[in-house]
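Enquirer: sequence and predicted structure are below.
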Amino acid sequence: MNLTSTAGSIGNLGAISLSASNLSANATSGANNVLITDTGSVNVSAASGAGGDFNLTAATNLTTTAAITGSTIELTATGGTLALGAAVGTAAATIQ
């Protein structure tokens, strides 16, 4: 699943809930955020990012095979493992 916003946040008032095995999400204009909760395991399979906060929570496993950028990056694997297979953040990013 590929999500792109050119003029606003993805999950503006709260995290959107979805079920995707592979995901990319981009809201890089301005200070826009990406707020997503996945109901299973998810892999960030293509470059993703936010101008502001990039927050992704998986119910089980969360993996990355593509870069993630954002001012603040929050990755959570609630009931499984977090496996980072690609760059997360830049020197200026806050990783949580």
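Expert: Thanks, I have it. The structure displayed is predicted, hence computed values, not measured ones.

Enquirer: tell me the bridge partners for the residue most central in space within the chain.
Expert: Taking C-alpha atoms, centre = their mean as the criterion, Leu56 is the residue nearest the geometric centre of the chain, at 4.3 Å. Note on Leu56: beta-bridge partners Ile36, Leu75, judged by DSSP bridges.

Enquirer: contact partners for it?
Expert: The contact partners of Leu56, by C-beta atoms under 8 Å, 6 or more residues apart in numbering, come to Leu23, Ala25, Val34, Ile36, Asp38, Val42, Val44, Leu62, Glu74, Leu75, Thr76. Where C-beta positions appear, they are placed from N, C-alpha and C, glycine not excepted.

Enquirer: narrow the residues you listed to those that are buried.
Expert: Buried by 16 or more other C-beta atoms under 10 Å: Leu23, Ala25, Val34, Ile36, Asp38, Val42, Val44, Leu62, Leu75, out of those.

Enquirer: of those residues, which is the nearest to Ala50?
Expert: Val34 (4.3 Å; C-beta to C-beta).

Enquirer: surely the closest one meets Phe54?
Expert: Yes. Using C-beta atoms under 8 Å, Val34 is in contact with Phe54, at 4.8 Å.

Enquirer: name the residues contacting each of the two.
Expert: With C-beta under 8 Å, 6+ apart, Val34 and Phe54 have common neighbours Ala25, Ser48, Gly70.

Enquirer: just give me the neighbour total for the second one.
Expert: The tally of other residues near Ser48 (other C-beta atoms under 10 Å) stands at 28.

Enquirer: that one pairs with what?
Expert: Ile68.

Enquirer: next up, the contacts around it.
Expert: Residues counted as contacts of Ser48 (C-beta under 8 Å, 6+ apart) are Leu23, Ser24, Ala25, Asn26, Val34, Phe54, Ala66, Ala67, Ile68, Thr69.
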